[in-house]
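Participant: give me the fold of what follows.
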Amino acid sequence: MILGENSKRLGIFFFYDEDGIVDDYLPYYLKDLNENLDELLVVVNGCLNEVSAASIKTITNNILIRENIGFDVWAYKDGLSHYGWGALNSYDEIVFANFTNFGPIYPFQEAFGEMRSRDVDFWGLTKHYGHPFDPYNKCKYGYIPAHIQSSFIVVRKSMFSSEQYQTFWDTMPMIKGYEDSICSYEAIFTKDFESYGFRSDVYVDTDDLQYCHNYPLMLYPLELIKDRHCPIFKRKTFFNQYEEFIDVSCGQSALELYNYLIEHTDYDVGMIWRNLLRTANMYDLKSRMQLNYVLPTKLAAVADNPQKIALFMHIYHLDMMDTCKHYADSMPPYADIYITTSVEKLAEVEAYFSDFGGRSVTVVQVENRGRDVSSLLIGLKPCAEQYDVVCFIHDKKSAYDKPYIIGESFAYKCYENVLANSVFVQNVLQTFEENPYLGLLVPPTPNHGSYFYLVGLEWQNDYLATEKLAKKMKLNVPISDDKPPIAPFGTCFWFRPKAMIKLFEYGFTYDDFPPEPYQGQDGDLMHAIERIYPFAVQSAGYYTGWLLSDKFARMEITNLHKQLRDSNQTLFWNFGVQERHALLHCVSASKNMLEILSAKHSFADKCKMLARKLLGTKGYEWLRIRKNEFIRWKGKRYE
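Facilitator: Next comes the predicted model:
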């Protein structure tokens, strides 16, 4: 079916947000889409606050709010029912789209104009090339077939007026989970209707990429936008599980796309940040967006507009004053320096910093309770708001680690990656200037000596305490115990004071902190605060990144490679050379094997459980499908 110039088009757009908030990327998307429609219906699962409803009503007054059941599939179903099959016949095309895409980079008019002349019954923007097996064990084909992606799919009258299409929707079972929505709708829709004789196509031709990856829109977004004029890109590109990238690539997709959007398009990337900082986990954003800033120590950026900056520094251990002064000297001469200390150390600290090259130094007396945490959030709270960017350090001394070089190296990692030298500091300031949504820069997680366990056990026993504090502070951002905080372990970092506003305004008092002598134990307030910094910053609309000097990055790469090589060699020695997930699965399987064998199950069940443990879910399901195919083939031979 080829459409004429005056064809009539209806749009049914699905939207869901847990808090009923519409961020500004959505009106931008809908406004352009609506210019190609005769009518637009927005179907909302759950709720929509007044401000968000008003935002959508600047584009269309047709809003259908329904119970949050059935995912996108039943939202579309109710959208169709809202009109009825008879009324729908007055349209030539129905556009089904949803909130999971950003864009458009190019006007949707280009896609509609191109596809109007193609003789098809349904079409979409992009294609997914399926899986040779069904990871959900719910698809009727036993595998995931290639299909048009349902986040943007268009159906013409030749198809939606047909008995097959109307029966498909009228008999659609209730969708009870994400897997159902994939296997009962998106994954089968294209194959089902092509089998009835309906013709399909996609606007963005990616058939040459199907053997590079089955999901070009996610793994090749730059290629699709730059060279194939794809108007949209997935929100999940910036926060989906990192395994999707690292299992097949270096993880470059999101970063390369983001840089291209900034350098070669007029798309406001602030719309990306404003949505994702509210809805995504900071660890996922940090990983997918590669928020690691490795800055030079020998070549300084030239800042056009120097910000008002300060160094906040807490000193209790007087034998650390030489070290603190050495690193404080990396601050620009125009920076203000504030030093907090307890009353008994006040005179000595003032005397030591009385002659500091003409720098502006203010020593502030604080209570000896809460250490560096209270010195920042209570003692220096009145000073913070007058600055654009602040560096915070303290006299880090981990005397409980033996040999002492372990603790000294932890302090070295903190200091070298926040105040390496004056050139490095100038580059830090320029980084804040160039990245308006950057709120916090922290050194990477320590991984040497006895701190090795922190990589993988970042929460320690502090998750519940952090979660409790987040609720008290009303931080409405995703926090998960299976995703680590991008925390300033060691409490040395750079921050934008307005990004820390929720911590400063919370109203901590010295009585909130344990009295000295403080032994330090997981689950207390000080450990919770150490981990809550990135979430407080995110809740204020800013992100956190890792900060490294180029000198330290050379060591970090060596250390991480050494640790990975040691782990791989051990795994290979015990389980043979396999891909990463298979090796991890072998470790888990070997641990649980005796538990399975000793459990009260039938012999057949034990065999199945062992097979699933040894082969993994994907391997087990592949084997199960092949077994069933063999049984069906064997049965046909004797029919």
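Participant: now do the helices in the stretch 501-639 of the chain.
Facilitator: Here the stretch 501-639 of the chain has its helices, by DSSP state H, counting those that start in this stretch, at 501-504, 525-539, 550-575, 580-598, 603-637.
Participant: wait, residue 392 touches residue 492, no?
Facilitator: Yes: counting by C-beta atoms under 8 Å, residue 492 is a contact partner of residue 392 at 6.7 Å. The way it works is simple: take the backbone N, C-alpha and C, and place the C-beta from them, glycine included.
Participant: OK, contacts around residue 46?
Facilitator: Residues near residue 46 by C-beta atoms under 8 Å, 6 or more residues apart in numbering: 16-18, 20, 65, 67-68.
Participant: are any of the residues you listed buried, and if so which?
Facilitator: 16-17, 20 (16 or more other C-beta atoms under 10 Å).
Participant: quick one: which of the helices of the stretch 501-639 of the chain has the weakest pLDDT on average?
Facilitator: Mean pLDDT per stretch puts helix 603-637 lowest among these, at a mean of 60.
Participant: mind giving me the packing neighbours of the host helix or strand of residue 412?
Facilitator: According to DSSP states H and E, residue 412 maps onto helix 405-416. Applying 3 or more C-beta pairs under 8 Å, 6 or more residues apart in numbering; DSSP states H and E, one finds that helix 405-416 contacts helix 321-328, helix 550-575.
Participant: picking that back up, need the buried ones among the contacts of residue 46 in a markdown table with pLDDT and secondary structure, can you?
Facilitator: Output for the buried ones among the contacts of residue 46, formatted as a markdown table (pLDDT from 0 to 100; DSSP: H, G, I helix; E, B strand; the rest coil):
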| residue | pLDDT | secondary structure |
| --- | --- | --- |
| 16 | 98 | strand |
| 17 | 97 | coil |
| 20 | 97 | coil |
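Participant: need the residues you listed in a markdown table (columns: distance to residue 1).
Facilitator: Output for the buried ones among the contacts of residue 46, formatted as a markdown table (distance: C-beta to C-beta, whole Å):
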| residue | distance to residue 1 |
| --- | --- |
| 16 | 32 |
| 17 | 36 |
| 20 | 38 |
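Participant: ok so, going back, which one of the contacts of residue 46 is nearest to residue 219?
Facilitator: For these, the residue nearest residue 219 by C-beta to C-beta is residue 16; the value is 24.9 Å.
Participant: next, count neighbours for the closest residue to that closest one other than its chain neighbours.
Facilitator: Nearest non-adjacent residue to residue 16, counting by C-beta to C-beta, 6 or more residues apart in numbering: residue 45, 4.3 Å away. Using other C-beta atoms under 10 Å, residue 45 has 22 other residues around it.
Participant: am I right that residue 45 is in contact with residue 68?
Facilitator: Yes: between residue 45 and residue 68 there is a contact under C-beta under 8 Å: 4.3 Å.
Participant: overlap in contacts of these two?
Facilitator: Joint contacts of residue 45 and residue 68 (C-beta under 8 Å, 6+ apart) are residue 16.
Participant: count of residues packed around residue 518?
Facilitator: Neighbourhood size, residue 518 [other C-beta under 10 Å]: 14.
Participant: for it, what are its contacts?
Facilitator: Contacts here follow C-beta under 8 Å, 6+ apart; on that basis residue 518 touches 371, 526.
Participant: heads up, I number from 54, so please use that
Facilitator: I'll keep to 54 as the first residue from here, and by that count the last item is residue 571.
Participant: need the per-residue pLDDT for it.
Facilitator: 82.
Participant: what do you get for the one 5 residues further on?
Facilitator: Per-residue confidence at residue 576 stands at 86 (pLDDT).
Participant: repeat that for residue 230.
Facilitator: Confidence score, pLDDT, at residue 230: 89.
Participant: counting neighbours, what do you get for it?
Facilitator: When neighbours are defined as other C-beta under 10 Å, residue 230 has 11 of them.
Participant: now it: closest residue in space that isn't a chain neighbour?
Facilitator: Distance criterion C-beta to C-beta, 6+ apart; nearest residue to residue 230, sequence neighbours excluded, is residue 124 at 7.9 Å.
Participant: any idea what the closest residue to residue 116 other than its chain neighbours is bridged to?
Facilitator: Leaving out its chain neighbours, the residue that sits closest to residue 116 by C-beta to C-beta, 6+ apart is residue 95, at 5.0 Å. On the basis of DSSP bridges, residue 95 is bridged to residue 66, residue 116.
Participant: residues touching residue 95, list them.
Facilitator: Counting by C-beta under 8 Å, 6+ apart, residue 95 has contacts 66, 68, 83, 109, 113, 115-117.
Participant: quick check: the farthest pair among the residues you listed?
Facilitator: Using C-beta to C-beta, the contacts of residue 95 span at most 14.5 Å, a distance reached by 83 and 117.
Participant: those two: who's more crowded?
Facilitator: residue 83 (24 against 16).
Participant: do you know how far that one is from residue 240?
Facilitator: Using C-beta to C-beta, to the nearest Å, residue 83 is found at 27 Å from residue 240.
Participant: so the closest residue to residue 344 other than its chain neighbours bridges to which residues?
Facilitator: Distances taken as C-beta to C-beta, 6+ apart put residue 598 closest to residue 344, at 3.6 Å, once the chain neighbours are dropped. Note on residue 598: beta-bridge partners by DSSP bridges are residue 494.
Participant: correct me, but residue 598 touches residue 494?
Facilitator: Yes: Residue 598 is in contact with residue 494 according to C-beta under 8 Å; the separation is 5.6 Å.
Participant: what number of residues lie near the residue nearest to residue 230?
Facilitator: Number of residues near residue 124 (other C-beta under 10 Å) recorded here: 21.
Participant: residue 281: how many residues sit nearby?
Facilitator: Residues near residue 281, counting by other C-beta under 10 Å, number 15.
Participant: and it, backbone torsions?
Facilitator: Main-chain torsions, residue 281, degrees, to the nearest 10: phi -130, psi 10.
Participant: equivalent analysis for the one 4 residues further on, please.
Facilitator: Backbone torsions for residue 285, taken as degrees, to the nearest 10, come to phi -130, psi 160.
Participant: which one of the buried ones among the contacts of residue 99 is nearest to residue 195?
Facilitator: Residue 195 has its nearest neighbour among the buried ones among the contacts of residue 99 in residue 69, at 30.0 Å by C-beta to C-beta.
Participant: and the closest one, how far from residue 483?
Facilitator: Residue 69 is 39 Å from residue 483, by C-beta to C-beta.
Participant: just residue 632 next, same as before
Facilitator: From residue 632 to residue 483 the distance is 41 Å (C-beta to C-beta).
Participant: which of those two has more neighbours?
Facilitator: Under the neighbour definition other C-beta under 10 Å, residue 632 and residue 483 were set side by side, and residue 483 has more, 18 against 9.
Participant: avg pLDDT for the helix or strand harbouring that one?
Facilitator: Using DSSP H and E, residue 483 maps to helix 475-487. Throughout helix 475-487, pLDDT has a mean value of 96.
Participant: quick revisit: most neighbours, which of the contacts of residue 95?
Facilitator: Highest neighbour count within the contacts of residue 95, by other C-beta under 10 Å: residue 66, with 28 neighbours.
Participant: and it, what does it touch?
Facilitator: 83, 86, 93-96, 150-152.
Participant: just put those residues in a markdown table and tack on pLDDT and distance to residue 541.
Facilitator: Shown next, in a markdown table, are the contacts of residue 66 (pLDDT from 0 to 100; distance: C-beta to C-beta, whole Å):
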| residue | pLDDT | distance to residue 541 |
| --- | --- | --- |
| 83 | 98 | 39 |
| 86 | 98 | 42 |
| 93 | 98 | 46 |
| 94 | 98 | 47 |
| 95 | 98 | 42 |
| 96 | 98 | 43 |
| 150 | 98 | 41 |
| 151 | 98 | 37 |
| 152 | 98 | 34 |
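Participant: check contacts around the closest residue to residue 318 other than its chain neighbours.
Facilitator: Counting by C-beta to C-beta, 6+ apart, residue 158 is the residue found nearest to residue 318 once chain neighbours are left out, at 5.6 Å. Listed by C-beta under 8 Å, 6+ apart, the contact set of residue 158 reads 278, 283-286, 314, 318, 320.
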